[in-house]
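# Generate a structure from the sequence data that follows.
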Amino acid sequence: MTPTPDATDAEVVQSTFTNKDAFALLVHRYEEKLRRYIRRIGVRNEEDQDDVLQDIFIKAYKNLNSFDQSFSFSSWIYRIAHNESISHYRKRSVRPEGMQYDDGDTIISNLHDGDDLMGDIVSRDDGRVLREALERVDEKYREIIVLRYFEGKEYEEISDILEMPLGSVATRLHRAKARLKDVLTTTP
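Residues are numbered from 1 along each chain as shown. Now for the predicted structure:
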């Protein structure tokens, strides 16, 4: 039986074991989110995005039996996306083209929501300034900012995706925000 569109990811995963067509619902749910994520972390060419997405979903499908349901499916598939993006760079022997921040105004509000990242980011209300500042922040800090503020991932999910302890996520995010703040305060 094919799961309904309102079924949880875990229910869809379970359905996939008996109905291979159920996996299409997961593809439908995650395709645009993962495309946006891999584009932001540097896979800019649309054909390359298609290739990386295909690799992500093939790997996810082949490894569905090893999915640990004590974690969220979202974290698991984002981890696969992260790894496949890195593999793409290695195959191409090129560095990422840079991260894309096409919705700076949304991120400005997300950075401010519930966080102590200075009000002057919000007062600038300039997505271009934020995009330029993020390009000047070290890659390991950009990635955690992208996951937290662009993708809206919680600390636990970031920990799963980047395979780092929860405390390290908090520390790196704190440092990333400090670096971003430094860059923003030196930006005219």
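# Now do the domain split for the chain, please.
Taking automatic domain parsing as the reference, the chain has its domains at 9-92, 104-186.
# Check these for me: which has the lowest mean pLDDT.
Among the domains of the chain, domain 104-186 carries the lowest mean pLDDT, a mean of 75.
# ok, back up a step: now distance to residue 2 too, for the domains of the chain, in JSON lines please.
For the C-beta atoms, the positions are set from N, CA and C on the backbone; glycine is no exception. Shown next, in JSON lines, are these (distance: least, CB to CB, whole Å):
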{"stretch": "domain 9-92", "distance to residue 2": "6"}
{"stretch": "domain 104-186", "distance to residue 2": "27"}
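# Looking at the ones you listed, which is nearest to residue 3?
Relative to residue 3, the nearest member of the domains of the chain by CB to CB is domain 9-92, separated by 4.5 Å.
# Please compute how far that closest one lies from its chain's middle.
How far domain 9-92 lies from its chain's middle: 11 Å, per CA atoms, centre = their mean, to the nearest Å.
# how long is it end to end?
Length of domain 9-92, first residue to last, CA to CA, to the nearest Å: 33 Å.
# re earlier: mean neighbour count for the domains of the chain - can I get that in JSON lines?
Output for the domains of the chain, formatted as JSON lines (neighbours: other CB atoms under 10 Å):
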{"stretch": "domain 9-92", "mean neighbour count": "16"}
{"stretch": "domain 104-186", "mean neighbour count": "17"}
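# Hmm, residue 67 and residue 17 touching each other?
No: counting by CB atoms under 8 Å, residue 17 sits too far from residue 67 to count as a contact (10.5 Å).
# What ranges does this protein have for its strands?
Here the chain has no strands by DSSP state E.
# what are the ranges of the helices in it?
In the chain, the segments counted as helices under DSSP state H are 9-18, 23-40, 46-62, 73-92, 104-112, 119-124, 127-135, 139-145, 155-162, 166-186.
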